[in-house]
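>>> Provided below are the primary sequence and the corresponding predicted coordinates.
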Amino acid sequence: MNNTISRPIAIIVAMESERTHLERAIPDWDHRIDSVWPVMRTTWHGVELVALRSGIGMVSAAAATEFAIATYSPQCILNFGCTGAHRREILPGDVVIGTDLVSHGRMRISPSEGIIPMDIPFTVHGEPEPRITPGCDPELVKLAQEAARKTLLEPWPEHFRLAAHPPDGAVRVHTGPVASADIWTQDPVWLDAMHERTGSLCEDMEATAIGQIAAMHGIPFLTIKDISNNEFHAESSFEGTESDLPLSEVGKRAAALTVATIERIADHGLKR
């Protein structure tokens, strides 16, 4: 077991309803406001953990990440929370381990060609900005996948189940691209088009922003998301208000897998 890691693991989470699942899973957190950020800290399995609640959105997530890096110098950054599905078969309660990160709000609106997606590392010709393409760290992805094989995730509650759910509410773990933007895509036609273009399994409003800042600093990053809604199914198609979400459940299974992944990082360390 590796109990000698000196640098903390930073965890960025957007919503209070998500953060509470982490606090319940790991004991003895110290709470404080650091600058403007709600922060909680503890040591678990010999590793210091620093969790920041960023609030919803790309700007808030990026700002919280930059603050976490400058203040705590983490060895890696984890993000967990809830997300909306981009595939019909990925149901509420399922978990997505992120690989590639898609910034689906980056676009050029052409007078002749309409909306043209732009890559994350887009720069104006001649500018010296490095072309950094953020993504989830392969070693962290592997550790999360190993943790998923040994972690029993709580079934999706019966009163929230869709007709497409298995009778026992069993949830599944998927691995693939996560899309992010300050956009909530609800139209199935657009969801299909985005998945076809990028391979995205789901979308949130934070992961890609966090990953971009982490990549700029060369810090390993991983996002783990659980599905709160699937707009392909009428029973899970919301009208765009947070109150429609099953707030008692959002982030619960992603938090459980994040905790299991932290345990594996503590036990095995990161090879760098």
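Thanks, I have the structure now. The structure presented is a predicted model; accordingly, all values stated were derived computationally and were not measured.
>>> which helix of the chain spans the most residues?
helix 252-268 (DSSP state H).
>>> now do the helices in this structure.
Going by DSSP H, the chain shows helices at 16-25, 58-72, 138-150, 188-198, 207-216, 252-268.
>>> nearest to residue 169, of these?
helix 252-268 (11.3 Å; C-beta to C-beta). For every residue, glycine as well, the C-beta is placed using N, CA and C.
>>> how about the closest one: buried residues?
By 16 or more other C-beta atoms under 10 Å, the buried positions in helix 252-268 come out as 252-266.
>>> also stretch 48-67?
Buried, per 16+ other C-beta under 10 Å, within stretch 48-67: 48-55, 57-58, 60-65, 67.
>>> residues in contact with the lowest-mean-pLDDT helix or strand in the chain?
Using mean pLDDT, DSSP states H and E, strand 114-117 stands out as the lowest-scoring helix or strand of the chain, at a mean of 70. With C-beta atoms under 8 Å, 6 or more residues apart in numbering as the test, strand 114-117 has contacts from 104, 106, 107, 108, 109, 110, 197.
>>> got it, and stretch 176-188?
So stretch 176-188 is in contact with 57-59, 83-84, 86, 96, 98-106, 191, 194, 198-209, 223, 225, 231-232, 237-238, 240, going by C-beta under 8 Å, 6+ apart.
>>> quick one, what contacts the residue of the chain most remote from its centre?
Using C-alpha atoms, centre = their mean, the residue of the chain lying farthest from its centre is residue 112. It sits 35.3 Å away. Contacts for residue 112 (C-beta under 8 Å, 6+ apart) come out as none.
>>> before we move on, what about residue 223?
By C-beta under 8 Å, 6+ apart, residue 223 lies in contact with 78, 79, 80, 98, 101, 136, 178, 204, 207, 210, 211.
>>> repeat that for 6 Å
79, 98, 178, 207 (C-beta atoms under 6 Å, 6 or more residues apart in numbering).
>>> and the residues you listed, which two are the farthest apart?
Most distant of these, by C-beta to C-beta, are 79 and 178, 9.4 Å apart.
>>> now for these two: what residues contact both?
Taking C-beta under 6 Å, 6+ apart as the contact rule, residue 79 and residue 178 both touch 207, 223.
>>> wait, residue 42 touches residue 27, no?
No: using C-beta atoms under 6 Å, residue 42 makes no contact with residue 27, being 7.3 Å away.
>>> counting neighbours, go ahead and name the busier of the two.
Neighbours were counted for residue 42 and for residue 27 using other C-beta atoms under 10 Å; residue 42 has more, 17 against 8.
>>> quick check: the closest residue to that one other than its chain neighbours vs residue 136, distance?
Computed as C-beta to C-beta, 6 or more residues apart in numbering, the closest residue to residue 42 that is not its neighbour in sequence is residue 29, at 4.7 Å. Applying C-beta to C-beta, to the nearest Å, the value for residue 29 to residue 136 is 25 Å.
>>> looking at these two, which is more packed in?
Taking neighbours as other C-beta under 10 Å, residue 29 and residue 136 compare with residue 136 leading, 26 against 16.
>>> the more buried one contacts residue 97, doesn't it?
No: counting by C-beta under 6 Å, residue 136 does not reach residue 97; the two are 7.8 Å apart.
>>> residue contacts, residue 8?
Residue 8 touches 48, 50, 72, 74, counting by C-beta under 6 Å, 6+ apart.
>>> any idea what sits nearest it, other than its immediate chain neighbours?
Distance criterion C-beta to C-beta, 6+ apart; nearest residue to residue 8, sequence neighbours excluded, is residue 48 at 3.8 Å.
>>> tell me the pLDDT of residue 159.
pLDDT recorded at residue 159 is 90.
>>> going forward, count from 832.
In the new numbering, first residue 832, that becomes residue 990.
>>> for it, give me its contacts.
Residue 990 makes no contacts at all, as judged by C-beta under 6 Å, 6+ apart.
>>> likewise residue 1041?
Residue 1041 is in contact with 843, 892, 896, 910, counting by C-beta under 6 Å, 6+ apart.
>>> tell me the pLDDT at the second one?
I take that to be residue 892. With respect to pLDDT, residue 892 scores 98.
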